[in-house]
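Chemist: When you get a sec, could you give me coordinates for this:
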Amino acid sequence: MLTSFSAVTDAQGGFILEETEVHPPQAGEVLVEIKASGVCHTDWDIVRNQRRHWVMGHEGAGVVREAGPGVTHVAPGDRVVLNWAIPCGKCFQCARGNQSICENKPQVPPERTLFRGQPVGRAFGLGSMARFGVVRQEACVRIDVEIPFASACILGCGVMTGVGSVLNAARVEPGSSVVVLGTGGVGLNILQGARIANAGMIIAVDVNAGRLELARRFGATHTVQAERDDAGLLRAAAEVKKMTGGRGADYCFESTAVPELGAAPLAMVRNAGMAVQASGIEQPISFDMELFEWNKTYINPLYGLCCPQRDFPRLLDFYAAGQLQLDEMVTRTYRLEDVGQAFEDMLAGRNAKGVILME
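Modeler: Sure, this is the predicted structure:
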């Protein structure tokens, strides 16, 4: 058994920094010494909304310390990146290549981690804001390129969601026009995906001028600064249409997570164009059905249609080739003791991405 300094939700809208106990991995499980964990809005949602204890964090990278019986694709000493949408590989959806929406979602029993002597769950089956964690073998992908752990860990959510939405879900064609609504962590990686896909015009839309300047560094060729009172971004859509010859863009990706903007990408795309909701809006929203005219497609992919053993090596290869900016994405690193400051900076929009380093 190991002791592991961890960030744990307090079940009252806050979090606790305290030691947990981590037991050895069993069949199909892996003990990982976590070196870095990304800080994501989803982590903050878990802090605020969960009324039970959870080890926090779902973007992680580290080193395998022990592999349980039956684990063959990673071994002690391997550097790994963790994947939160853990596929079983056998269910109806996994058999059809839809691993991000696995029906079984294999998990490690809570008994592997104890908090104050009681079993505790790990967020998304990972709980990456901790020094050690036992995870399912399917959550681990070996890292075979030279990359800092801080850069590798962010692959596990925002990078995969953004780049995957472009390459796997929309399948953006070379030379096409792309609009990205919102330039937070996911939006910046949609911009990177569009650049990798060799899109011809990449337009970033945001209300924050500073974020638009950042967007240019990650792939935007054009920017539109939206106004906060622009309902449904219709005025911004008119500007986009002017920039695209009056027709509208070929693709538009929504990455704001603002429910009122769920229909906005439909206003940006041409007839027979594609709108992609990539931010994970889950609240009820209203649509003006005229926005669907004519022959427009609206899709809502989860996690960039991630198949981890296929996609993470591909993203790492993009990084190694200089096509995917990950080091540049990490604006600031923090100690685990400073996770509160990391959340504050994230919510204030100060970082492209903040990362917790365990050492």
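
Chemist: what are the pairing partners of the top strand by length along the chain, and which direction each?
Modeler: Longest strand in the chain by number of residues, with DSSP state E as the criterion: strand 29-39. Note on strand 29-39: by DSSP bridges, its sheet partners are strand 60-67 (antiparallel), strand 132-136 (antiparallel), strand 354-357 (antiparallel).

Chemist: Mind checking what helix or strand follows the second one in sequence?
Modeler: Put plainly, it is strand 132-136. strand 140-142 (DSSP states H and E).

Chemist: likewise the longest one?
Modeler: Using DSSP H and E, the next helix or strand after strand 60-67 towards the C-terminus is strand 79-82.

Chemist: Can you show me the CA trace of that next one as CSV?
Modeler: This file holds the C-alpha atoms of strand 79-82, laid out as CSV (Å, rounded to 0.1, in the frame of the first residue of the first chain):
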residue,chain,number,x,y,z
ARG,A,79,5.7,6.7,-19.6
VAL,A,80,1.9,6.9,-20.2
VAL,A,81,-0.9,9.4,-20.9
LEU,A,82,-4.3,8.7,-19.3
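
Chemist: which helices and strands sit right next to it?
Modeler: strand 29-39, strand 60-67, strand 140-142, helix 149-153 (3 or more CB pairs under 8 Å, 6 or more residues apart in numbering; DSSP states H and E). Just so you know, the C-beta spots here come from the backbone N, C-alpha and C atoms, and that holds for glycine as well.

Chemist: Check which helices and strands the shortest one sits against.
Modeler: Strand 140-142 makes packing contacts with strand 79-82, helix 308-320 when contacts are defined by 3+ CB pairs under 8 Å, 6+ apart.

Chemist: got JSON lines for the ones you listed, with distance to residue 9 too?
Modeler: Shown next, in JSON lines, are the helices and strands packed on strand 140-142 (distance: least, CB to CB, whole Å):
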{"stretch": "strand 79-82", "distance to residue 9": "19"}
{"stretch": "helix 308-320", "distance to residue 9": "26"}
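
Chemist: Return the most buried member of those.
Modeler: Stretch with highest mean neighbour count among those: strand 79-82 (a mean of 26; mean count of other CB atoms under 10 Å).

Chemist: what's the spacing between that strand and its chain's center?
Modeler: Relative to the centre of its chain, strand 79-82 is centred 15 Å away, using CA atoms, centre = their mean, to the nearest Å.

Chemist: So what touches the next helix or strand after it?
Modeler: Next helix or strand after strand 79-82 toward the C-terminus (DSSP H and E): helix 92-95. The contact list for helix 92-95, computed with CB atoms under 8 Å, 6 or more residues apart in numbering, reads 87, 88, 99, 101, 102, 103, 104.

Chemist: could you redo the last one with a cut-off of 7 Å?
Modeler: Contacts of helix 92-95 with the rest of the structure, by CB atoms under 7 Å, 6 or more residues apart in numbering, involve 87, 88, 101, 102, 103.

Chemist: nearest spatial neighbour of the fourth one, skipping sequence neighbours?
Modeler: Same thing as residue 102. Distances taken as CB to CB, 6 or more residues apart in numbering place residue 87 nearest to residue 102, at 4.3 Å, with adjacent residues excluded.

Chemist: Touching, the one you found and residue 97? I think so.
Modeler: No. If you go by CB atoms under 7 Å, residue 87 and residue 97 don't touch, sitting 10.0 Å apart.

Chemist: So the two - more neighbours on which side?
Modeler: residue 87 (25 against 11; other CB atoms under 10 Å).

Chemist: From residue 58, how far off is the more buried one?
Modeler: 15 Å (CB to CB, to the nearest Å).

Chemist: And for residue 217?
Modeler: Distance from residue 217 to residue 58, by CB to CB: 26 Å.

Chemist: Pick the most deeply packed of the strands paired with strand 29-39.
Modeler: Comparing the strands paired with strand 29-39 by mean count of other CB under 10 Å gives strand 132-136 as most buried, with a mean of 27.

Chemist: Please, where are all the helices along the stretch 201-350 of the chain?
Modeler: 209-217, 234-243, 264-268, 308-320, 339-347 (DSSP state H, counting those that start in this stretch).

Chemist: Now tell me what touches the fourth one from outside.
Modeler: This points to helix 308-320. By CB under 7 Å, 6+ apart, helix 308-320 touches 81, 83, 141, 143-145, 147, 155, 159-160, 163-164, 196, 324, 326.

Chemist: of these, closest to residue 71?
Modeler: Comparing the contacts of helix 308-320 against residue 71 with CB to CB places residue 141 closest, at 13.1 Å.

Chemist: Quick check: bridge partners of the closest one?
Modeler: residue 81.

Chemist: thought it was touching residue 81?
Modeler: Yes. When contacts are counted by CB under 7 Å, residue 141 is listed as touching residue 81 (5.3 Å).

Chemist: Averaged pLDDT, stretch 8-16. What do you get?
Modeler: Per-residue pLDDT over stretch 8-16 has a mean of 94.

Chemist: which other residues reach stretch 342-358?
Modeler: By CB under 7 Å, 6+ apart, stretch 342-358 touches 34-39, 41, 44, 129, 131, 150, 153-154, 158, 185, 188, 208, 211, 214, 329-336, 339.

Chemist: Check the separation of the first and last residues in stretch 30-46.
Modeler: End-to-end distance for stretch 30-46, by CA to CA, to the nearest Å: 24 Å.
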